[in-house]
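[1] return atomic coordinates for the entry below.
(chains A and B)
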Amino acid sequence: MNIYFTILKLAFIFFKIGLVGFGGGWTIVGIMQTELVPNWLSLTDFQRLIPVAQATPGPIALNAATLIGLKYGGILGALIISIAVLLPPVLLILIISKISKKIAIKKQALDEALRTTSIALLIFTIWNLLPATFSVIPLIFIIVASLLSLFTAINPAWIIIGAGLLYALLPL
Amino acid sequence: MMLTTRNKYLSMLNFFLAVLKTVTITLGGGYAICPALGAIFIKNNWISEKDFYNIVARAQTIPGPIALNTALLSGIHFFGLAGVLPAFLGVVLTPFLSIVVIGSFLLTTNINFIMRFLEGARFVIPGIVLSFLIKNMRTRKWKCTRIVGTLITSVLFILFPAWSIPIIFLSIAIFYLVEFRSGL
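    All right, here's what the predicted structure looks like:
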């Protein structure tokens, strides 16, 4: 397939992802997975990409877009696909800041509606991320990570990096 | 000494540098970046705390990374539409460059240490998302309609993943009407 066509196809996919990406990065991980696996990434590669996207500076969706763009279209692909995922919010903010005085959206009702959908999206993300079979070590990692981020104020990025180092250094 | 402790005056360049610096040194995505952005803006007397958190609240109702939306709306608040440019560049530059360098190395290398590092990092992701979900559910004001709505939408996502994007828009529209009619 022609590289420009590939970049355009990916740009369209990430434009769609950008369009629904509200409520914080984790809510759209499930959507990204259904859009990208298995046509563009294997499940394992996708699950490796997510911690890298989370633990490098910047929003998850943008980092994932840059990485996949790089893989399929080099620097040019990375640039175009990064812009594609950010285009919906930029356009919407420009539009809204022009017309917000004319339309009467009840902000509180919209907030509540978005939160209901966001929580459903988080459930969907977890459903997608759960491994097909559980072995002991991943299970321990999952439990410790959720307890740490529930009951301490440790930044998730450090939990991810710590888990990576632990697994790489320990002779498990 | 005076110079280093004095507040920076508000200009497009200083705004861009403040955003760039915050995004660069804050790991962990939007929910970590926004308070850090606010801290700098407020410390420099560019905006009041109340106005800043109004912007954050508005940023959450627009699709897109919340850090980007917050920076864009702040840029517009300070400079009008032209403020979009320094905000956009400030948010995007570091992630882009760091991903190009670190990310491509991490994902293409076959050094055993890094493969195991990624494997370990991968294990904890469901746990982190789970705790994020629990925190969200705990702070939610639950009502019967919201519980039923969340359940139905989750099941729809799981049963029809290919339709998830239309389901998102449809569910937001329906829940908006429900909340609207219930008096919000």
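[2] let me see the mean pLDDT of the helix of greatest length in chain B.
    For chain B, the longest helix by residue count, based on DSSP state H, is helix B:112-139. Across helix B:112-139, pLDDT averages out at 89.
[3] how far is that helix from where the chain is centred?
    How far helix B:112-139 lies from its chain's middle: 18 Å, per CA atoms, centre = their mean, to the nearest Å.
[4] packing partners for that helix?
    helix A:43-55, helix A:107-129, helix A:136-151, helix A:156-169 (3 or more CB pairs under 8 Å, 6 or more residues apart in numbering or on different chains; DSSP states H and E). (C-beta placed from N, C-alpha, C; glycine too.)
[5] mean neighbour count, distance to chain B and mean pLDDT added to the ones you listed, as JSON lines?
    Shown next, in JSON lines, are the helices and strands packed on helix B:112-139 (neighbours: other CB atoms under 10 Å in any protein chain shown; distance: least, CB to the nearest CB, whole Å; pLDDT from 0 to 100):
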{"stretch": "helix A:43-55", "mean neighbour count": "22", "distance to chain B": "4", "mean pLDDT": "88"}
{"stretch": "helix A:107-129", "mean neighbour count": "22", "distance to chain B": "4", "mean pLDDT": "89"}
{"stretch": "helix A:136-151", "mean neighbour count": "17", "distance to chain B": "3", "mean pLDDT": "91"}
{"stretch": "helix A:156-169", "mean neighbour count": "20", "distance to chain B": "2", "mean pLDDT": "91"}
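[6] list the buried residues for the longest helix of chain B?
    Within helix B:112-139, the residues that count as buried by 16 or more other CB atoms under 10 Å in any protein chain shown are B:114, B:116-133, B:136.
[7] please apply the same query to stretch B:93-108.
    For stretch B:93-108, by 16+ other CB under 10 Å, it's B:93-96, B:98-100, B:102-104, B:106-107.
[8] out of the residues you listed, which is nearest to chain A?
    B:Pro95 (2.5 Å; CB to the nearest CB).
[9] is the one helix or strand that closest one maps to positioned near chain A?
    In this structure, B:Pro95 sits in helix B:84-98 according to DSSP states H and E. Yes. Counting by CB under 8 Å from any CB of the partner chain, chain A has neighbours in helix B:84-98: B:84, B:88, B:91-92, B:94-96, B:98.
[10] near B:Ile62, how many other residues are there?
    If you count neighbours by other CB atoms under 10 Å in any protein chain shown, B:Ile62 ends up with 21.
[11] list the contacts of it.
    A:22, A:89, A:92-93, A:96, B:69 (CB atoms under 8 Å, 6 or more residues apart in numbering or on different chains).
[12] identify the farthest-apart pair in those.
    Farthest apart among these by CB to CB are A:Phe22 and A:Ile96. That separation is 13.1 Å.
[13] more crowded one of these two?
    A:Phe22 (24 against 16).
[14] on the pLDDT front, check the more buried one for me.
    With respect to pLDDT, A:Phe22 scores 68.
[15] what do you get for the one 4 residues further on?
    pLDDT for A:Trp26: 82.
[16] what's the separation between it and chain B?
    A:Trp26 sits 5 Å away from chain B, taking CB to the nearest CB, to the nearest Å as the criterion.
[17] many thanks, we can stop here.
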